[in-house]
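Trainee: Provided below are the primary sequence and the corresponding predicted coordinates.
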Amino acid sequence: MRELRYRLLRAISRIFESRICDVASADGLIVVRTDRLGDLAVTVPALAELKKGYPDKPIVLVAGPANVALGQLVQRWGIVDEVVVGISANYGPTYPQGTSVWEAMRPSLVGRTVVFFLTPDLLPVVRTRLLGKNVRVRVTTKVAKSLHERDVVAATLGVSLPSGTFTRSAPADRRVAITLNAHPLRSWGIQNWISLLDIFEQRAVQVLIVGDESTADKAEVLASRFPTFTDNFVGRTHLRDLPDLLGRCRCLIGTDSGLMHFGSVIGVPTITLFGPSLPQQWAPVGSSASVLYQSRHCSPCTLKRCPYPDGRRCLDDISVQEVWERVGPLVDYPHAERNVSSLVDGG
């Protein structure tokens, strides 16, 4: 239902799209991405290219409450010049109070402005198109399920993404990070994590547990069971602290989530377990990103709960041994060099 609604919003919004969006002659650029952390993380590489192509044009990012912390990091990295927060109608029930997208961006509509709507939201698109003076509007659209969201964003912004990588030495310590998931269809199951940490204990691998407070109970189960080699940072760190924390780890392991995309943005090798969603559209990208996926007849799935009695087979079919086979080479070779794609600390 959510995907259908997004498709409808995109289709209607594109009726109000400007036929000509001359970015080169614009005085300023506004990028609207008000949805989730992972959505903005996927957008960062294209945003970086947009800034490289037009370094003298101010870029304002309209973020949402769920991804503004990453937006502030993106500003710190010099990719955008300003970050404002706007509440999308799509998330109105979640954030009933706050400034609308239109009100958030309106002070930045000065001179000739091009506004890129990467989050489909009809009302601000219409308002911007009809009320904004000297404003051009471009709306994202997805033409095929086989097209990755990163490429959709790049096409909307009119940029080409780089394919090059650089070599970085892996951290000396045998340490990995894991992130859990509170979503019922994106949870690998606590017993699987326990079995994986049993292997880590046998192989003398240190573990950092990261994530937000929604996974605090699960993280505490693991930290209590394995107190000698786990450090639990769930709910105790800000997103701005994670580049340093994750930079000490050989890899980040977890199911499809915003933090996995964030890890790939900062050049940390990621091992992502995919269940109901399609990796072709949403997998973390880069030379150091790895995906485990068991396609089933019901994939992809947008339901909130699995209708099958045993539930979540798409994720449970990914074995602990399969995960270890991806992790092992990254931790068993000290000071191994890795080719990474990163926007931070040398990337």
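Mentor: Noted; the coordinates are in hand.

Trainee: how far out from the middle of the chain is whichever strand or helix holds Met260?
Mentor: Assigned by DSSP states H and E, Met260 falls within helix 258-265. Computed by Cα atoms, centre = their mean, to the nearest Å, the chain-centroid distance of helix 258-265 equals 5 Å.

Trainee: in CSV, list the C-alpha atoms belonging to it.
Mentor: Taking Å, rounded to 0.1, in the frame of the first residue of the first chain, the C-alpha atoms of helix 258-265 are listed here in CSV:
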residue,chain,number,x,y,z
GLY,A,258,19.4,3.3,7.5
LEU,A,259,22.5,2.5,9.5
MET,A,260,23.7,0.0,6.9
HIS,A,261,23.4,2.8,4.2
PHE,A,262,25.2,5.2,6.6
GLY,A,263,28.0,2.7,7.0
SER,A,264,28.5,2.4,3.3
VAL,A,265,28.6,6.2,2.9
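
Trainee: what angle do the following helix or strand past it and helix 258-265 make?
Mentor: Remark: after helix 258-265, the chain's next helix or strand is strand 270-274, criterion DSSP H and E. Using axes from the mean of the first three to the mean of the last three Cα atoms, to 10 degrees, the inter-axis angle of strand 270-274 relative to helix 258-265 is 140 degrees.

Trainee: quick thing: my sequence starts at 12, can you match it?
Mentor: Fine by me, first position is 12 from now on; the one you just mentioned is strand 281-285.

Trainee: and the next helix or strand after strand 281-285, what does it pack onto?
Mentor: Counting by DSSP H and E, the element after strand 281-285 in chain order, helix or strand, is helix 290-293. Here helix 290-293 touches no other helix or strand, going by 3 or more Cβ pairs under 8 Å, 6 or more residues apart in numbering; DSSP states H and E. Bear in mind the C-beta positions are built from the backbone N, C-alpha and C, glycine included.

Trainee: chain center to the following helix or strand past helix 290-293: distance?
Mentor: Downstream of helix 290-293, the next assigned helix or strand under DSSP H and E is strand 300-304. Centroid separation for strand 300-304 versus its chain: 15 Å, with Cα atoms, centre = their mean.

Trainee: before we move on, back to that, any idea of the mean pLDDT for the helix holding Met271?
Mentor: The average pLDDT for helix 269-276 rounds to 93.

Trainee: helices or strands next to that helix in the packing?
Mentor: Counting by 3+ Cβ pairs under 8 Å, 6+ apart, helix 269-276 packs on helix 48-64, strand 186-190, helix 253-258, strand 263-266, strand 281-285.

Trainee: how about the ones you listed, which one is nearest Ser235?
Mentor: Among the helices and strands packed on helix 269-276, strand 186-190 comes nearest to Ser235, with 15.1 Å by Cβ to Cβ.

Trainee: which other residues reach the helix or strand just after the closest one?
Mentor: Sequence order places helix 201-213 as the next helix or strand after strand 186-190, per DSSP H and E. Residues external to helix 201-213 that are found in contact with it (Cβ atoms under 8 Å, 6 or more residues apart in numbering): 187, 189, 191, 216-218, 229, 232-233, 236-237, 239-241, 264, 327, 331, 334-335.

Trainee: centroid-wise, who is the farthest residue in this protein?
Mentor: For the chain, the largest distance from the centre (Cα atoms, centre = their mean) belongs to Lys144, which lies 32.9 Å off.

Trainee: residue contacts, it?
Mentor: With Cβ under 8 Å, 6+ apart, Lys144 has these contacts: Leu120.

Trainee: is it fair to say it lies in a helix?
Mentor: No - looking at Lys144 with DSSP: H, G, I helix; E, B strand; the rest coil, it is coil, so not inside a helix.

Trainee: quick check, pLDDT for it.
Mentor: 76.

Trainee: circling back: export the helices and strands packed on helix 269-276 as a markdown table, with columns for mean neighbour count, distance to Val34 and mean pLDDT.
Mentor: Putting those into a markdown table (neighbours: other Cβ atoms under 10 Å; distance: least, Cβ to Cβ, whole Å; pLDDT from 0 to 100) gives the following:
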| stretch | mean neighbour count | distance to Val34 | mean pLDDT |
| --- | --- | --- | --- |
| helix 48-64 | 23 | 8 | 94 |
| strand 186-190 | 24 | 36 | 97 |
| helix 253-258 | 18 | 30 | 92 |
| strand 263-266 | 26 | 34 | 96 |
| strand 281-285 | 26 | 32 | 94 |
